[in-house]
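Chemist: Return a 3D structure for these sequence lines:
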Amino acid sequence: MASGRRRRMGVAGAVAGVGAAGVGAAVGLRRLAVGRVRLRPDPDADEPFGELRGRPLTVQADDGVPLYVEVDGPDDAPLTIVFSHGYTLNQDSWHFQRRDLAAGLDRAAGRDHGKDHAKDHGKDHAKYAKHAKRPGAKQPGGRRLRLVFWDQRSHGRSGRSKPTHATVDQTGEDLYTVLRATVEPDAPVVLVGHSMGGMSVMALAHRHPELFEGGKGEPRVVGVALVNTSCGDLAEMTLGLPLVLAKVLRPLAPGTLRGLGRQADLVDRARALGADFAFIVTRRMAFADRYVSPTVVAFLEQMIRATPIDVIAEFYPELLAHDKTAALETIGRVPVLVMSGGEDRLTPPQHGRSIAEALPDAEYVEVGDAGHVLPLEYPGVVTGGLRRLVGRIGSAREERTA
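Modeler: Alright, predicted model coming up:
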């Protein structure tokens, strides 16, 4: 018995030693990588990430959880766009879209973060967008916008949820509550969702199809944008690992996260101490473009680190079980934009392709050298797509009234 205990302790010590060596090497690599990157101009070094604020509003979810909301733009704007962020993030992940669309579509066209800013590295994205379906539309001009951003439950400034309510269906109901609180009855609204935010939009469509049918007395959904998201089958994701290794590790992840969630205080303190290692993991898992700004990587990592580990553990099994394929029929009643990153490890591009194939009139854009956070990695592509979507909506409304 004693020898068995010693063997187990020896294995644990070896694992800890390898882990410590790995962390040490990772820290060194991170410092080397950042040092090299700093030799190049960082266009986002002075960007005020996390500082753009709108008019604050708190909305009570149907189970009493306070949902934090911010509104930008005039209340009499002809169109409202509601942004739903992804898993482990918060509303600030829409930083560039908020900045560039706040002035309205006409002035935003001259400030688009992909047209005149080095963030998108001067690339002609027509060459990088694969399988693109782009319905023709009149170019929008002069339209003011009202922008609504909210923090999903247990994320950002919103209140903590009961673990049993950490579900995609509940976030869809939360989105419904936000819409009812921020959009006038019968007023048009566009829904934009990234990652889990896209799943929230699908859950809304599943639970409240009347919003997509022009029901009287409700906000009227006239367009949808789904970015780096999935309608199901996420349990098969490999995270970029070899398939054999992914199959071994996949069943262990939920239990591991639950165990970490039970040690939340300790784990969160360790996460704060391991910021250098977290930077490398974030850079590797979330982005594909090797020229991505280290300031952007650090900003994303800070948002993830601010999400408690027990919240991550509570939502994770629900995301794996997510299946809202049936909701696509409802979403397909309005103009849709679907965007994917060609190197997305979390929601691989085949998920976006599947959504687009189920929506015959959708515009599909796949950015080949992009990861899971298109709104931050290629903000100009996302903002430009949103402008085209609004233009299509305007053209469709003109055709109906002609």
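Chemist: Mind jotting down where the strands sit in the stretch 301-402 of the chain?
Modeler: Ranges of strands in the stretch 301-402 of the chain, per DSSP state E, counting those that start in this stretch, are 336-341, 363-367.
Chemist: How about the last one, which residues are buried there?
Modeler: The neighbour-count criterion (16 or more other CB atoms under 10 Å) identifies 363, 364, 365, 366, 367 as the buried residues of strand 363-367. Heads up, the C-betas are built off the backbone N, CA and C, glycines and all.
Chemist: Tell me the bridge partners for the first one.
Modeler: Going back to what we said before, that points to residue 363. residue 337 (DSSP bridges).
Chemist: Let me know the pLDDT of it.
Modeler: You'll see residue 363 listed with a pLDDT of 98.
Chemist: pretty sure it contacts residue 337?
Modeler: Yes. At 5.0 Å, residue 363 and residue 337 qualify as touching, with contact defined as CB atoms under 8 Å.
Chemist: Identify the contacts common to the two.
Modeler: 385, 388, 389 (CB atoms under 8 Å, 6 or more residues apart in numbering).
Chemist: Check whether residue 288 really touches residue 377, as I assumed.
Modeler: Yes. Between residue 288 and residue 377 there is a contact at 7.4 Å, judged by CB under 8 Å.
Chemist: Counting neighbours, go ahead and name the busier of these two.
Modeler: Using other CB atoms under 10 Å, the more surrounded residue of residue 288 and residue 377 is residue 377, with 27 against 20.
Chemist: residues in contact with the more buried one?
Modeler: 286, 287, 288, 289, 292, 296, 341, 370, 371.
Chemist: And the fifth one, how far from residue 201?
Modeler: Plainly put, residue 292 is 26 Å away from residue 201 if you go by CB to CB, to the nearest Å.
Chemist: now do the last one
Modeler: Spatial separation of residue 371 from residue 201 under the definition CB to CB is 21 Å.
Chemist: Where does residue 52 fall, secondary structure wise?
Modeler: According to DSSP states H and E, residue 52 maps onto no helix or strand at all.
Chemist: what's the neighbour count on it?
Modeler: Neighbour tally, residue 52, other CB under 10 Å: 18.
Chemist: is it true that it touches residue 96?
Modeler: No. Proximity of residue 52 to residue 96 does not meet the contact threshold set by CB under 8 Å, at 9.6 Å.
Chemist: Would you agree residue 49 is in contact with residue 95?
Modeler: Yes. At 5.7 Å, residue 49 and residue 95 qualify as touching, with contact defined as CB under 8 Å.
Chemist: which neighbours do the two share?
Modeler: residue 299.
Chemist: Those two - which one has more neighbours?
Modeler: Using other CB under 10 Å, the more surrounded residue of residue 49 and residue 95 is residue 95, with 23 against 19.
Chemist: Now do the contacts for the more buried one.
Modeler: Residue 95 sits in contact with 47, 49, 50, 52, 299, 375, 376, 379, where contact means CB under 8 Å, 6+ apart.
Chemist: Need the three-state assignment for it.
Modeler: helix (DSSP: H, G, I helix; E, B strand; the rest coil).
Chemist: Give me the common contacts of residue 288 and residue 377.
Modeler: 341, 370, 371.
Chemist: Number of residues surrounding residue 48?
Modeler: Neighbour tally, residue 48, other CB under 10 Å: 8.
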